[in-house]
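Undergrad: from the sequence below, what's the structure:
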Amino acid sequence: MKIQKVAVLGSTGSVGTQTMDVVRDMGLSVSLLSAWSNLDVLTEQIRAVRLDTVFVKDKASADALKERLGSHMPRCIWKQEELLEAIAPNTAIVVEPGYYNLSEFIEDTWLYESEQWN
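TA: As a prediction, this is how the structure comes out:
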C-alpha cells in the first residue's frame, strides 16, 4: 500500500509540530489535522497546508476556528465517531502521545474492523 496522505492527530503538540515539519520536507499531502486546545497553532497549520478535514474537541472550538479562518475553513468535525470516517484510505496516521483516549478509540475500532475483514 502506498501512502498518499497523512493525518496528524495532535498536530499542535511537540511531536505533532515536528511531524508537520517532516511532512512538509517530504512533500506529503495532509488530509486531516487535529488539536485539543491550541487553536493558535492549529490555525497557522491550516493556513500553511491544504487539507480536507480538521478535528477539534467540541463545537465551541469549531466555532472559534471558523471565526479565525472564515472562508478558508476546511470541513470541521468534533465527534470521535466521525474521525475514522474522515480519514481516507492509504493515509498514514500519526498520533501524538498525548492523545491516549483517542488512540485507544482508533486502535479498538481498527481491531474490530480488521476482525470483520478476516
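
Undergrad: residue nearest the middle of this protein, spatially speaking?
TA: Leu33 (2.8 Å; C-alpha atoms, centre = their mean).

Undergrad: tally of neighbours for the residue lying closest to that one once chain neighbours are set aside?
TA: Distance criterion C-beta to C-beta, 6 or more residues apart in numbering; nearest residue to Leu33, sequence neighbours excluded, is Ser11 at 4.3 Å. Bear in mind the C-beta positions are built from the backbone N, C-alpha and C, glycine included. Number of residues near Ser11 (other C-beta atoms under 10 Å) recorded here: 29.

Undergrad: in terms of helices and strands, where is Leu33?
TA: strand 29-34 (DSSP states H and E).

Undergrad: repeat for Gln45
TA: helix 39-48.

Undergrad: buried ones in that helix?
TA: In terms of neighbour count (16 or more other C-beta atoms under 10 Å), helix 39-48 has its buried residues at Leu39, Val41, Leu42, Thr43, Gln45, Ile46.

Undergrad: again with stretch 59-69
TA: Buried-residue list, stretch 59-69, by 16+ other C-beta under 10 Å: Ser61, Ala62, Leu65, Leu69.

Undergrad: for those, give me a markdown table that also has secondary structure.
TA: Below are those laid out as a markdown table (DSSP: H, G, I helix; E, B strand; the rest coil):
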| residue | secondary structure |
| --- | --- |
| Ser61 | helix |
| Ala62 | helix |
| Leu65 | helix |
| Leu69 | helix |
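
Undergrad: cool, thanks, talk later.
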